[in-house]
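Participant: Provided below for reference: sequence and predicted model.
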Amino acid sequence: MVLQADRTSEGFPSDLLLDLPSSSGRGLRERLEHSLRAAIQEGRLVPGTTLPPTRALAAQLAISRSVVVEAYRNLAADGYLEARQGSGTRVRSAPRPPGRRARRSLGPVVFLDRPRDVSPAGVPRIRLTGGLPDPALFPRARWLRHYRAALTELPDPGLTYPSIGGAGALRRALTAYLGRVRGVATTEDRVVVCNGFTQGLTLICRALRREGARRMAVEDPCFALHREGIARAGLEPVPVPVDDDGLDVDALARTDVSAVLVAPAHSYPTGGTLTPPRRAALIAWARENDAVVIEDDYDAEFRYDRLPVGALQGLAPDNVVHVGGISKTLSPAMRLGWACLPPCLVESVEREKRYDDLGSPLLEQLAFARFLEHGDFARHLRRVRPVYRARRDATIAALTELLPQVRWQGAAAGLHLFVCLPDGTDLRKLGEAAHARGLTIEDAAWHYAEPSAAPPAIVLGYGGLPEPMLRRGVAILADALAGA
Ligand SMILES: Cc1ncc(COP(=O)(O)O)c(C=O)c1O
């Protein structure tokens, strides 16, 4: 059913065309959300557009107002809409992140191992590393409730080896969630639950290796452990540069690879987003070369200043594997992730999984399935997103004030900033000076294929610290930089 919302008495747009297909098998709220999300993603509802008030839209569509309220709330939580006091609900606009400046190439730097996490006596150590969530924000009570219920509901025969690809309940819940929020086009039998992104990547690499693949392109820089994991799985990682627009697809096309690992929504650690022309070019390359694209969707739930970028997988489900997990949203302690695979890879990845561990822990899977289905995941994200946004803003404010000589990238999303230091900065000396002052920093060089050629930069994780600590950390960094 296609519903056209008329002009309301309040004067809101009359051209809000919503397609709520009644045969889709989804509930009304889901269909409304889907329709609004599609309109935003396709650019039919442009940033800043004010949506009709919930009461008016409900009346026009002849549906309950609570359905519209819930749909608006979920889309706001997912970053598509924003509610402004007194001025209604709008499609979120995408301003440039504050303080973002153009990137330029930087000089060579000495590689520094990750510093040890030891505090000088009596000084609390501040870690501004990586990009992890705050463990204090883990929703313990709700998780416990779902875990308890999962165990209570599971009949005795269920307490055995889990299904290799994952519990049916979780695969179903993930299929619905990822389709709704990330635009992933999959079915539950194509979802393989794994122990975090890292296991998913390893299993896929091994499956591809068995099918004859020898080389896999990786972004340069990319998360160092992934590059190393690809090599350990028997594939040669081939570095391809990334810039503010994400992976350089022209450079990719000049390589001789049959697969590529890419983080299109938020390249790690530099933070670029693959632009629409490059997304199209990447998909065309994959189709032409019958290649596999592994999409690392590690922090898509945290977006602050820009419209959500849908998953690449939704555009080419037969070439793209969508891999995600809950390490950034809930906790890396859970070791829970998923891979949404093209049909041709399901069996081979499940076979690798079988020989790896005979399946992921069942009770965690069932608890997470409940967590998703009862709306607690969405609730959790609604609760923590503003916290992380405030921490990011506090970090940027401190950098602006205390370190005017540095630039940063990747602020629009995630839990970290990529901070470019002045040319010629000696990272080893800086790391030691910071360490002596009670601050641990992370040299970005280890994420580069050739660390000795990396620009002087650090990966500044702000997710795990309250704002005063972040400011204090930046102040120490400024002092250490002056000292080094
Ligand atoms: C780029 C990137 N992808 C994925 C992950 C998540 O990995 P896992 O799910 O194995 O914890 C991380 C974690 O730090 C990461 O930095």
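Facilitator: Good, I have the coordinates.

Participant: Which helix or strand contains Val474?
Facilitator: helix 467-483 (DSSP states H and E).

Participant: buried residues in the longest helix belonging to the chain?
Facilitator: Assignment by DSSP state H gives helix 376-402 as the longest helix of the chain. Using 16 or more other C-beta atoms under 10 Å as the test for burial, helix 376-402 gives 376-378, 380-381, 384-385, 387-388, 391-399, 402. (C-beta placed from N, C-alpha, C; glycine too.)

Participant: Residues of the stretch 1-150 of the chain that sit close to the ligand?
Facilitator: On the criterion C-beta under 6 Å from any ligand atom, the ligand has no neighbours in the stretch 1-150 of the chain.

Participant: repeat that for 8 Å
Facilitator: 130-132 (C-beta under 8 Å from any ligand atom).

Participant: Need phi/psi at Asp156.
Facilitator: Main-chain torsions, Asp156, degrees, to the nearest 10: phi -50, psi -50.

Participant: Name the residues of the stretch 201-350 of the chain found near the ligand, please.
Facilitator: Going by C-beta under 8 Å from any ligand atom, the residues of the stretch 201-350 of the chain near the ligand are 201, 222-223, 225-226, 263, 268-269, 296, 298-299, 324-328, 332, 335-337.

Participant: Return the subset of those residues lying in helices.
Facilitator: Residues of those located in helices (DSSP H): 201, 225-226.

Participant: Would you enumerate the residues in contact with the residue in the stretch 101-250 of the chain that the ligand sits nearest to?
Facilitator: The ligand sits closest to Gly196 of the stretch 101-250 of the chain, with a gap of 2.8 Å, by C-beta to the nearest ligand atom. By C-beta atoms under 8 Å, 6 or more residues apart in numbering, the contact set of Gly196 is 325, 327, 332, 335-337.

Participant: backbone phi and psi for it, please?
Facilitator: Here is the backbone geometry of Gly196 (degrees, to the nearest 10): phi 80, psi 170.

Participant: Just give the nearest non-adjacent residue to Ala397, would you?
Facilitator: In space, and not counting its chain neighbours, Ala397 is closest to Arg471: 7.9 Å by C-beta to C-beta, 6 or more residues apart in numbering.

Participant: So what's the residue count around the one you found?
Facilitator: As a burial measure, Arg471 scores 18 neighbours (other C-beta atoms under 10 Å).

Participant: Find me the pLDDT at it, would you?
Facilitator: Note on Arg471: pLDDT of 98.

Participant: now do the one 5 residues further on
Facilitator: Among the per-residue scores, Ile476 shows a pLDDT of 97.

Participant: go on, Asp6?
Facilitator: 38.

Participant: cool, and the one 3 residues further on?
Facilitator: You'll see Ser9 listed with a pLDDT of 36.

Participant: cool, and the one 3 residues further on?
Facilitator: As summarised for this prediction, Phe12 has a pLDDT of 42.

Participant: need the contact list for the residue nearest to the spatial centre of the chain.
Facilitator: Nearest to the mean C-alpha position of the chain, by C-alpha atoms, centre = their mean, lies Asp299 at 1.8 Å. Counting by C-beta under 8 Å, 6+ apart, Asp299 touches 131, 265-266, 328, 413-415.

Participant: ok, how many other residues are close to Trp408?
Facilitator: 24.

Participant: Are the helix or strand containing Val193 and the ligand in contact anywhere?
Facilitator: Using DSSP H and E, the element containing Val193 is strand 191-194. No - Strand 191-194 lies out of reach of the ligand by C-beta under 8 Å from any ligand atom, never closer than 8.6 Å.

Participant: what sits up against stretch 238-246?
Facilitator: 103, 215-222, 227, 247-248, 251-252, 255-257, 260, 262, 264, 267, 270, 272-275, 278, 409, 449-450.

Participant: now that stretch: mean pLDDT?
Facilitator: 97.

Participant: Quick one: distance of that stretch to the chain centre.
Facilitator: In terms of C-alpha atoms, centre = their mean, to the nearest Å, the centre of stretch 238-246 is found 18 Å from the chain centre.

Participant: What subset of the contacts of stretch 238-246 is buried?
Facilitator: So, by 16+ other C-beta under 10 Å, the buried ones in the contacts of stretch 238-246 are 103, 216-222, 227, 247-248, 252, 257, 260, 262, 264, 267, 270, 272-274, 278, 409, 449.

Participant: Among those residues, name the ones in helices.
Facilitator: 227, 252, 278.

Participant: possible to save these as CSV with pLDDT?
Facilitator: Formatted as CSV, those follow (pLDDT from 0 to 100):
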residue, pLDDT
Arg227, 98
Leu252, 98
Arg278, 98
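
Participant: one step back: closest one of the ones in helices among the residues of the stretch 201-350 of the chain next to the ligand to Asp357?
Facilitator: Leu201 (14.9 Å; C-beta to C-beta).

Participant: Look up how far Val292 lies from the closest one.
Facilitator: From Leu201 over to Val292 the distance is 12 Å, taken as C-beta to C-beta, to the nearest Å.

Participant: likewise Ala38?
Facilitator: Ala38 is 27 Å from Val292, by C-beta to C-beta.

Participant: quick one: which of the two has more around it?
Facilitator: Higher neighbour count among Ala38 and Val292: Val292, with 25 against 15, using other C-beta under 10 Å.

Participant: Quick check: bridge partners of that one?
Facilitator: According to DSSP bridges, the residues that bridge with Val292 are Ala259.

Participant: show me the contacts for it.
Facilitator: 204, 208, 213, 258-260, 286, 319-321, 342, 345.

Participant: Next: Ala185.
Facilitator: Taking C-beta under 8 Å, 6+ apart as the test, what Ala185 contacts is 179, 313-314, 317.

Participant: ok, now Gly168?
Facilitator: Contact partners of Gly168, counting by C-beta under 8 Å, 6+ apart, are Glu188.

Participant: Just the pLDDT at it, thanks.
Facilitator: Gly168 is given a pLDDT of 98.

Participant: which residues sit in contact with Gly461?
Facilitator: Contacts of Gly461 by C-beta under 8 Å, 6+ apart are 127-132, 415-416, 442.

Participant: any low-confidence regions in the stretch 1-150 of the chain?
Facilitator: 1-17, 19, 21-25, 42-44, 94-124 (pLDDT under 70).

Participant: As a check, name the ranges of all helices in it.
Facilitator: For the stretch 1-150 of the chain, the helices defined by DSSP state H, counting those that start in this stretch cover 28-41, 54-61, 65-77, 140-153.

Participant: can you give me the strands for the stretch 201-350 of the chain?
Facilitator: Ranges of strands within the stretch 201-350 of the chain are 215-220, 236-243, 246-247, 259-262, 292-296, 320-325, 337-340, based on DSSP state E, counting those that start in this stretch.

Participant: Quick one: closest of those to Glu30.
Facilitator: Of all the strands of the stretch 201-350 of the chain, strand 337-340 sits nearest to Glu30, with 18.9 Å by C-beta to C-beta.

Participant: for that closest one, what is the average pLDDT?
Facilitator: pLDDT averaged over strand 337-340 gives 98.

Participant: how far does it sit from the chain's center?
Facilitator: Relative to its chain's centre, strand 337-340 lies at 13 Å (C-alpha atoms, centre = their mean).

Participant: Mind listing residues that contact it?
Facilitator: By C-beta under 8 Å, 6+ apart, the list of residues contacting strand 337-340 reads 166, 174, 178, 184, 186, 190-200, 203-204, 313, 317, 321-327, 349.

Participant: What about the contacts of Ala185, which are in helices?
Facilitator: Under the assignment DSSP H, the contacts of Ala185 contribute Gly179 to helices.

Participant: Let's have the contacts of Ala185 in CSV, adding neighbour count and pLDDT.
Facilitator: Below are these laid out as CSV (neighbours: other C-beta atoms under 10 Å; pLDDT from 0 to 100):
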residue, neighbour count, pLDDT
Gly179, 19, 95
Gln313, 28, 97
Gly314, 19, 96
Pro317, 20, 97
